[in-house]
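Novice: below are the sequence and a predicted model; questions follow.
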Amino acid sequence: MDELAFGITGENKHYGTPTNPNMPSFVPGGSSSGSAVAVAAELVDFALGTDTIGCVRVPASFCGILGFRPSHGAVSTIGLVPNSQSLDAIGCFARDPSILHRVGHVLLQLKAVEPRRARRLVFADDLFQLSKVPKQKTVYVVSKAIEKLCGYQPPKHINFAQHIASNVPSLKGFCQHSTNMQNGISTLKALASVMVSLQRYEFKTNHEEWVKNVKPRLGPEVSHCVLTAINTTYENVKILYTVKAEMRAALQSLLKDDGILVIPTIVDPPLKLNSKKGNSTEFHDRAYALLSIASMSGGCQVSVPLGKDEGFPVSVSFITYHGADKFLLDTVLDMYSSLQEQVNIASNSAPLPDVNGNMDASELLKEKGNAAFKGKQWNKAVKYYSEAIKLNGTNATYYNNRAAAYLELGCFQQAEEDCSKAISLDKKNVKAYLRRGTARESLLCYKEALEDFKHAVVLEPQNKVANLAEKRLRKLIT
């Protein structure tokens with residue numbers, strides 16, 4: 001495991017890194033890497049792990065197995081050396097959902113029988129925007145899986161970050177200044193920063209004396225985290241706990257007593273072993289934006305594998321409110337076989353090809369799209385641009401214009417894809433580079449965004465937007 005449970009890659013410089021049995025050249029995820037690998041390698045049927053800021057959920061995703069983080073405090077931590085007692089939880093891994101269900105019941109000391117109730121899945125559409133895995137392999141799979149099951153209400157789709165921004169008022173002081181279309185991701189980054197600050201504050205409270213007296217020899221990444229925690233002065237600690245309390249209430253108000261939030265477990269594939277990206281701002285920002293939801297709300301979460309995409313494991317997570325652990329475990333057990341059936345169907349499906357058509361009609365549709373855009377009717381603009389693209393799929397402007405509308409809607413992944421298509425059709429399309437850079441920055445892909453803004457500067461050296469964005473991202477990355 002990561003030293004002192006301070007990491008999410010699962011690497012250990014002193015004792016070696018457990019080998020991810022499905023992808024030996026890539027990290028297993030951590031900090032509970034040994035437990036996850038033992039289950040994935042079929043050495044054991046289940047294993048326990050600790051989860052503070054993702055330490056069960058990440059290795060479960062990277063190793064392609066089930067991982068359960070219980071509600072905070074639901075499983076006793078007596079005898080556990082705390083990392084951060086407000087975030088620490090004892091969870092478990094399994095390959096078989098029935099074993100996860102049984103182990104969960106034992107850990108939680110749950111009653112064997114509970115009346116069945118209706119379930120309502122809530123998809124966080126904005127969080128799936130962060131992932132490059134096709135929705136055909138995530139959202140669509142889950143949606144199709146519940147169609148034939150009894151007791152499931154029609155699913156709901158929301159912008160989760162907007163819900164948090166509206167219901168966790170104490171987060172405002174942690175949000176960076178951003179444009180309207182970046183407000184959502186800014187809220188999630190703020191939540192993640194509070195989580196990390198809370199972890200570091202409590203780690204310092206628990207272990208500062210030991211670290212200063214013993215001066216342990218740690219790996220460079222863990223050493224950096226520990227020293228940052230120990231050397232930071234925490235002035236307004238109360239606000240960290242206030243955010244946590246508000247976050248619990250916000251999740252409860254969204255899900256009521258029958259809701260289950262559906263999100264990607266993590267949006268990036270496993271890193272290569274000994275990769276320098278393991279300590280990158282971008283990788284951690286994107287990971288913690290999702291992992292902070294359960295950690296800061298105290299809710300329970302199960303990561304469920306959904307096959308692979310381009311050779312990398314795919315997973316989604318089901319999250320519900322604090323104390324609803326049995327409800328969640330029962331749901332996963334109920335859905336699992338149907339989910340895997342849909343995974344097999346999705347893996348054999350192919351995307352539909354583009355259709356070319358009449359040039360004059362497509363131009364008319366483009367103009368209608370432009371008019372809708374000027375009237376701030378973003379969805380209508382997308383509709384017109386999409387119809388133009390169906391008629392003529394070789395016009396870079398159509399993709400570029402639709403990307404602008406997608407940006408206004410906060411659909412960053414679609415915007416990035418449209419800009420990439422526009423660039424493939426017109427290598428000197430400055431607006432496409434600028435918009436793709438904006439989309440990638442909003443998706444927390446800082447290095448890729450920087451390259452786009454740099455390219456725009458090469459094409460238009462006096463472009464103020466590109467120059468300012470390049471300077472901002474260089475500062476952020478360094």
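Specialist: Nice, I can see it. Numbering: from 1, shown residues only.
Novice: show me where this protein has its strands.
Specialist: 46-51, 66-69, 89-94, 120-124, 156-158, 259-264, 300-309, 312-320 (DSSP state E).
Novice: what's near enough to touch the nearest residue to S386 once chain neighbours are set aside?
Specialist: Nearest non-adjacent residue to S386, counting by C-beta to C-beta, 6 or more residues apart in numbering: R402, 6.6 Å away. Where you see a C-beta, it was placed from the backbone N, CA and C, and this is true even at glycine. Going by C-beta atoms under 8 Å, 6 or more residues apart in numbering, R402 touches G369, A381, V382, Y385, S386, I389, D418.
Novice: tell me which of the strands of the chain sits most buried.
Specialist: strand 66-69 (a mean of 30; mean count of other C-beta atoms under 10 Å).
Novice: before we move on, the earlier item: and the residue nearest to S386, what pLDDT?
Specialist: Listed pLDDT for R402 reads 97.
Novice: and what of G16?
Specialist: On pLDDT, G16 comes in at 89.
Novice: now find how far off-centre stretch 331-345 is within its chain.
Specialist: From the chain centre to the centre of stretch 331-345 is a distance of 21 Å (C-alpha atoms, centre = their mean, to the nearest Å).
Novice: again with stretch 413-427
Specialist: 23 Å.
Novice: list the buried residues for that stretch?
Specialist: 413-423, 425-426 (16 or more other C-beta atoms under 10 Å).
Novice: of the residues you listed, which belong to helices?
Specialist: Taking DSSP state H as the definition of helices, the buried residues of stretch 413-427 contribute Q413, Q414, A415, E416, E417, D418, C419, S420, K421, A422, I423, L425.
Novice: ok, of these, which one's closest to N395?
Specialist: The nearest member of those to N395, counting by C-beta to C-beta, is L425 at 7.3 Å.
Novice: which residues does that closest one contact?
Specialist: T394, N395, A396, Y399.
Novice: same question for S362.
Specialist: Counting by C-beta under 8 Å, 6+ apart, S362 has contacts E387, A388, I389, L391, N392, N395, Y398.
Novice: is it true that the third one touches Y398?
Specialist: Yes: checked against C-beta atoms under 8 Å, the pair I389 and Y398 is within contact range at 4.9 Å.
Novice: pLDDT weak spots in the stretch 251-400 of the chain?
Specialist: 276-279, 349-360 (pLDDT under 70).
Novice: now the helices for it?
Specialist: Assigned by DSSP state H, counting those that start in this stretch, the helices in the stretch 251-400 of the chain fall at 281-297, 325-347, 359-374, 378-391, 396-409.
Novice: show me the one of these that comes nearest G173.
Specialist: When the helices of the stretch 251-400 of the chain are compared by C-beta to C-beta, helix 281-297 sits nearest G173, at 15.3 Å.
Novice: packing partners for the closest one?
Specialist: If you count contacts as 3 or more C-beta pairs under 8 Å, 6 or more residues apart in numbering; DSSP states H and E, helix 281-297 packs onto helix 57-63, helix 183-214, helix 238-255, strand 259-264, strand 300-309, strand 312-320, helix 446-459, helix 464-477.
Novice: dump the first one to CSV, restricted to CA.
Specialist: Right, the one you point to is helix 57-63. Only the C-alpha atoms of helix 57-63 are listed here, as CSV (Å, rounded to 0.1, in the frame of the first residue of the first chain):
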residue,chain,number,x,y,z
ARG,A,57,-12.6,3.0,-4.6
VAL,A,58,-9.6,3.8,-6.8
PRO,A,59,-7.9,0.3,-6.6
ALA,A,60,-11.2,-1.4,-7.1
SER,A,61,-11.7,0.6,-10.4
PHE,A,62,-8.1,0.1,-11.6
CYS,A,63,-8.1,-3.7,-10.8
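Novice: state the mean pLDDT of it.
Specialist: 98.
Novice: from the chain's centre, how far out does that helix sit?
Specialist: On the basis of C-alpha atoms, centre = their mean, helix 57-63 sits 12 Å off its chain's mean C-alpha point.
Novice: gap between the residue lying closest to Y201 once chain neighbours are set aside and F203?
Specialist: Of all residues not flanking Y201 in the chain, Y234 sits nearest, at 4.6 Å (C-beta to C-beta, 6+ apart). Look at Y234 and F203: by C-beta to C-beta, to the nearest Å, they are 11 Å apart.
Novice: give me the more crowded residue out of the two.
Specialist: F203 (25 against 14; other C-beta atoms under 10 Å).
Novice: who are the contact partners of that one?
Specialist: F6, N83, S84, V226, A229.
Novice: ok, 7 Å please
Specialist: By C-beta atoms under 7 Å, 6 or more residues apart in numbering, the residues touching F203 are N83, S84, A229.
Novice: likewise for F62?
Specialist: With contacts defined as C-beta under 7 Å, 6+ apart, F62 is in contact with N20, V27, P28, G29, P270, P313.
Novice: list the beta-bridge partners for S315.
Specialist: P305 (DSSP bridges).
Novice: pretty sure it is touching V302, no?
Specialist: No: at 9.9 Å, S315 does not count as touching V302 under the criterion of C-beta atoms under 7 Å.
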